[in-house]
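*Asks:* model the following, please.
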Amino acid sequence: GAAAQSLMSEWGARIMRQVERQKHYPVAAGGAAGTVGVALALGPDGALLAASVAQPSGNAALDLAAVAAVRAAVPFPTAPTGLMAGRYEFRLRVRFEP
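*Replies:* Numbers count the residues shown, from 1 in each chain. Below you'll find the model as predicted:
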């Protein structure tokens, strides 16, 4: 419902802030800019269950750096009270500028 949707977007925003803090522009990207769509799955305890590139940026170094930022940001905040599933899927858009 709407309440769960609201909790998910609030949680997603907190997750994104944590990933942004771990983001580092890779030298190997050679000055390219791009946005990487990363799919991640979290447990209710904030554990990272999976992370992969869902939408490549067209630059392999940026794609790797986006997944690395997600992995470096663990542990994530726990699920807000009111969310009950065992697994949650998020899509993040990680933007890189040289």
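*Asks:* quick one, helices of this structure?
*Replies:* Along the chain, the stretches classed as helices by DSSP state H are 2-22, 60-72.
*Asks:* now do Ala3, the pLDDT please.
*Replies:* Predicted confidence (pLDDT) for Ala3: 89.
*Asks:* check contacts around the closest residue in space to it that isn't next to it in sequence.
*Replies:* Computed as C-beta to C-beta, 6 or more residues apart in numbering, the closest residue to Ala3 that is not its neighbour in sequence is Gly82, at 6.5 Å. (Each C-beta comes from the backbone N, C-alpha and C, glycine too.) Each residue near Gly82 by C-beta atoms under 8 Å, 6 or more residues apart in numbering is listed here: 3-4, 7.
*Asks:* ditto for Glu89
*Replies:* 39-41.
*Asks:* so which of these belong to strands?
*Replies:* Among the contacts of Glu89, the members found in strands (DSSP state E) are 39-41.
*Asks:* most surrounded residue in those residues?
*Replies:* Leu40 (23 neighbours; other C-beta atoms under 10 Å).
*Asks:* touching, that residue and Leu92? I think so.
*Replies:* Yes - in this structure, Leu40 is within contact of Leu92 by C-beta atoms under 8 Å, at 6.8 Å.
*Asks:* please report how far the closest residue to Val36 other than its chain neighbours lies from Leu49.
*Replies:* Closest residue in space to Val36, ignoring its immediate chain neighbours: Ala66 at 3.7 Å, by C-beta to C-beta, 6+ apart. Distance, Ala66 to Leu49, using C-beta to C-beta, to the nearest Å: 17 Å.
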